[in-house]
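*Asks:* Based on what follows, work out the 3D shape:
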Amino acid sequence: MSKILTRQEVDLEATWNLKDIFETKEAWEKELNDVQQDISSVTQYEGRLKEGPDVLLACLTAQEELQGRISRVGAYAQLELAGDSINPENQIRAARARDTASSISSALSFVKSEILSLPDGMIEEYIEKQPALQDFERSLGLLLKTKPHRLSAETEKVLTSFGDVLGAPYRIYERSKLADMTFRTAEDGRGEEVPVSFALYENKYVESADTDLHRNAFHAFSETLHRYRNTFAEAYGTEVKRQVIESRLRGYDSVTEMLLTPQQVTTEMYHNILDILQEELAPHMRRYAALKKKVLNLDEMTFADLKAPLDPDFSPGITYQEAGDLIKEALSILGPEYGEIVADAFANRWVDYADNAGKRTGAFCMSIPGVHSYILISWADNMRGAFTLAHEVGHAGHLMLANKYQRPTNSRPSLYFIEAPSTMNELLLADHLLQRSQDPRMRRWVISQLLGTYFHNFVTHLLEGELQRQVYDLAMNNVPLTAVKLCELKGNILSSFWGEEVVIDEHAKLTWMRQPHYYMSLYPYTYAAGLTASTAVAQLIREEGQPAVDRWLEVLKAGGSMSPLELMKLAGVDMSRPDAIRSAAAYVGSLIDELESLY
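*Replies:* Sure thing, here's the model as predicted:
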C-alpha cells in the first residue's frame with residue numbers, strides 16, 4: 001500500500017519557491033520586526049486628516065505602502081502553513097504574522113474613522129484641490145457609503161484589535177481538518193487497501209472509475225467527518241453568530257445585507273443566482289445523473305457516484321508538465337502579455353503541486369503585491385486537475401495584470417466578479433481541447449470535463465450558497481446551529497436539487513463539513529456568478545473573436561477600479577438582468593443533450 005508522504009519527502013520542484021518573497025527565514029523575521037517599528041509612518045497623521053488634502057494623500061500613500069509590506073509578511077507565513085500545517089514552526093510563524101497584522105490594523109483604524117468624521121462634501125473638495133487623490137476616489141467613495149453603519153472610532157479600534165481572535169473559527173476548522181483528522185484505509189475493486197486523506201479523496205478517489213473504490217473511500221472519509229461533526233458545527237455556528245452580532249451592531253437589516261455591501265451587488269442579484277440556477281439547472285443535472293447511472297450500469301446512483309467518469313476506459317492521464325504545456329497553448333488566445341505570466345508560473349515554481357500530509361486541501365491562488373502569484377494544488381495526474389490548474393492560473397493572470405495597471409487600492413475587484421477570470425480559463429481550455437480533435441469519443445470526454453467545471457461551480461458551490469442563505473435566515477431568528485440542524489439542511493437541499501435520481505444518505509448530509517468557503521463571507525454563490533459571466537463572455541469570444549478578447553483583457557487590467565456590473569458591461573454582458581443566468585443554465589443543458597446523443 002502506498003503511503004502519504006511528509007513535506008520533507010516530496011520533490012522540491014513540486015513545491016513553490018517562497019524565496020521570491022523572502023530569501024531566508026531571517027529576512028522574514030527582520031521584516032516582521034521592522035514593519036511593526038514603522039507603524040509610525042502612518043500613525044503620525046492621526047488626528048490630522050482634517051488639515052487638508054495633502055495630509056490625507058500622504059496618509060493614504062503611507063498606509064498603502066505599510067499594508068503592502070504586512071501582506072508580504074503574512075503571505076509568506078500563510079503559504080508555508082498551507083504547504084505543511086503540521087509543522088509547529090509554520091504554525092508559530094503564521095500566528096505571529098496574524099498577531100502583527102491585527103495590531104497594525106488596530107493602530108491604523110483611525111484612518112477610516114477620521115475620514116468618515118470629516119464634514120459632508122469635504123472629501124470631494126480635497127479631491128478637487130489635490131488631483132493625486134483621484135487614485136483613491138473610488139475607495140473613498142465606497143468607504144463613505146458605509147458611514148451610516150460605522151461605529152465610534154474607539155469601538156472600531158477595539159473590534160479591529162480582536163481581528164485574530166474573531167478569525168479563530170476558521171483556523172479551528174482548518175487545523176482540525178489538516179492536522180488532526182486521520183482516516184481508515186479503503187478497499188478498492190481489486191481488494192487492495194489504499195490510504196485515505198482529505199486530498200486523496202477529493203482530488204483522486206471521488207473521480208475514480210472503480211465503483212468500489214470511490215464508494216468505499218467515501219464511507220471511510222465520511223466516518224471520520226461524522227466523528228468531528230459537533231466540533232465543526234460549533235466552529236461554524238460561532239462564525240455565523242459573530243457575523244450576525246456585527247450586522248446588528250452596525251444597524252444592517254440583515255447579516256446578508258452587511259456581507260453583500262462590499263461585493264457592490266444588490267440582494268436581487270444575489271437571490272437571482274441562487275433561485276434561477278437551482279430551478280432551471282436541476283432538471284438538466286438530474287438527466288446527467290440518470291445518464292451516468294445507465295451508462296455505468298449502477299444498481300443505484302449514490303452521492304458518491306456523481307463524479308465517476310462516464311467512460312472509464314477512456315480517461316487519458318496527464319502529468320503536471322503536460323498540463324502546463326496544454327494550458328499555455330489554450331490560453332495563447334489571450335495574447336503575449338498574459339502568456340508571459342502563464343509561462344512564468346510554470347517555469348519559476350509559482351505552483352505547489354505536491355501531495356503531502358498536512359497540506360491544505362483544494363486549490364487556491366494568492367497574488368502578492370510587489371512579488372507575484374502563488375498557486376496551490378495537489379496533483380493527481382488527471383484532466384480534472386488540469387482544469388483546476390487553469391482555473392487558478394486565471395486568478396494569477398487576472399490579479400497580476402490588475403496589480404500592474406492599478407495601484408493597490410484599486411487592484412482587487414469585488415468578490416462577485418473574482419471567479420469570472422478563473423472559470424473563463426476553464427472554458428478556454430475546453431474549447432481548445434474540442435478544437436484539437438473531431439473524434440466522437442474524445443468529444444464526449446471533453447464535454448464531461450467541461451461539465452465538471454459546471455458541476456463544481458453551478459452545483460457544489462451553488463448548493464453551498466443555498467445552505468448559507470438558509471443558515472443566515474435561521475441565525476437572524478436566533479435558531480441555534482447544531483450538527484443535526486446543519487445535516488438536516490444539507491440533506492434537504494441535496495434532495496431538492498437531485499430529486500429521485502440520486503440517493504442522499506447520511507454521509508452525503510455531512511458535505512457541509514468539507515469546504516472552507518463557509519468561513520469566507522458570502523463567497524460560495526460567487527462561483528456561480530463568476531461562471532455565469534464567463535460563460536456569456538466565452539460565447540462572445542466564439543462569435544466575435546479578437547474584439548471580445550481585447551475587451552476581456554481591458555476588464556482584467558481594470559482590477560477593482562470599477563464595480564462588478566461595470567466590469568461585465570465593459571466585457572459586453574449585463575449581469576443586472578437574469579438573462580445571462582438563464583442562458584448559462586440552458587448552455588449546460590445543451591452540453592448534456594450532446595452527451596446523451598453521443599451515448
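
*Asks:* How about the contacts made by the closest residue to Gln263 other than its chain neighbours?
*Replies:* Leaving aside its chain neighbours, Gln263 sits nearest to Tyr416 (4.5 Å; criterion: Cβ to Cβ, 6 or more residues apart in numbering). Every C-beta, even on glycine, is put in place using the N, C-alpha and C of the backbone. Neighbouring residues of Tyr416 by Cβ atoms under 8 Å, 6 or more residues apart in numbering: 263-265, 269, 526, 529-530, 564.

*Asks:* let's see 10 Å
*Replies:* With contacts defined as Cβ atoms under 10 Å, 6 or more residues apart in numbering, Tyr416 is in contact with 260, 262-265, 269-270, 273, 522-523, 525-526, 529-530, 533, 563-565, 567-568, 575.

*Asks:* doesn't Val255 make contact with Asp473?
*Replies:* Yes - assessed by Cβ atoms under 10 Å, Asp473 is found in contact with Val255 at 9.4 Å.

*Asks:* and the helix or strand hosting Tyr587, which residues are buried?
*Replies:* Using DSSP states H and E, Tyr587 maps to helix 579-598. Neighbour-count burial for helix 579-598, counted by 16 or more other Cβ atoms under 10 Å, picks out 580-582, 584-585, 587-589, 591-592, 595.

*Asks:* Just send the residues you listed back as JSON lines, with pLDDT and distance to Gly251 too.
*Replies:* As requested, the buried residues of helix 579-598 are exported to JSON lines (pLDDT from 0 to 100; distance: Cβ to Cβ, whole Å):
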{"residue": "Ala580", "pLDDT": "95", "distance to Gly251": "33"}
{"residue": "Ile581", "pLDDT": "96", "distance to Gly251": "31"}
{"residue": "Arg582", "pLDDT": "97", "distance to Gly251": "36"}
{"residue": "Ala584", "pLDDT": "96", "distance to Gly251": "36"}
{"residue": "Ala585", "pLDDT": "97", "distance to Gly251": "37"}
{"residue": "Tyr587", "pLDDT": "96", "distance to Gly251": "41"}
{"residue": "Val588", "pLDDT": "97", "distance to Gly251": "40"}
{"residue": "Gly589", "pLDDT": "97", "distance to Gly251": "43"}
{"residue": "Leu591", "pLDDT": "96", "distance to Gly251": "46"}
{"residue": "Ile592", "pLDDT": "97", "distance to Gly251": "46"}
{"residue": "Leu595", "pLDDT": "94", "distance to Gly251": "50"}
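
*Asks:* Report the two members of these separated by the largest distance.
*Replies:* Ala580 and Leu595 (22.9 Å; Cβ to Cβ).

*Asks:* show me where the stretch 301-450 of the chain has strands.
*Replies:* Applying DSSP state E, counting those that start in this stretch to the stretch 301-450 of the chain gives strands spanning 351-352, 364-367, 373-376.

*Asks:* So what's the residue count around Gln515?
*Replies:* 19 (other Cβ atoms under 10 Å).

*Asks:* mind showing which ranges of the stretch 51-200 of the chain have poor pLDDT?
*Replies:* Judged against pLDDT under 70, the stretch 51-200 of the chain has no low-scoring part.

*Asks:* the strands in it, which residues?
*Replies:* Counting by DSSP E, counting those that start in this stretch, the strands of the stretch 51-200 of the chain are 186-187, 193-194.

*Asks:* For Asp20, list the residues it contacts.
*Replies:* Counting by Cβ under 10 Å, 6+ apart, Asp20 touches 76, 348-350, 368, 371-372, 374.

*Asks:* could you redo the last one with a cut-off of 6 Å?
*Replies:* Val371 (Cβ atoms under 6 Å, 6 or more residues apart in numbering).

*Asks:* Then Gln63?
*Replies:* Per Cβ under 6 Å, 6+ apart, neighbours of Gln63: 42, 111.

*Asks:* if I look at it, how far off is Ser41?
*Replies:* 9 Å (Cβ to Cβ, to the nearest Å).

*Asks:* got it, and Asn297?
*Replies:* 68 Å.

*Asks:* between the two, which one's more packed in?
*Replies:* Ser41 (17 against 7).
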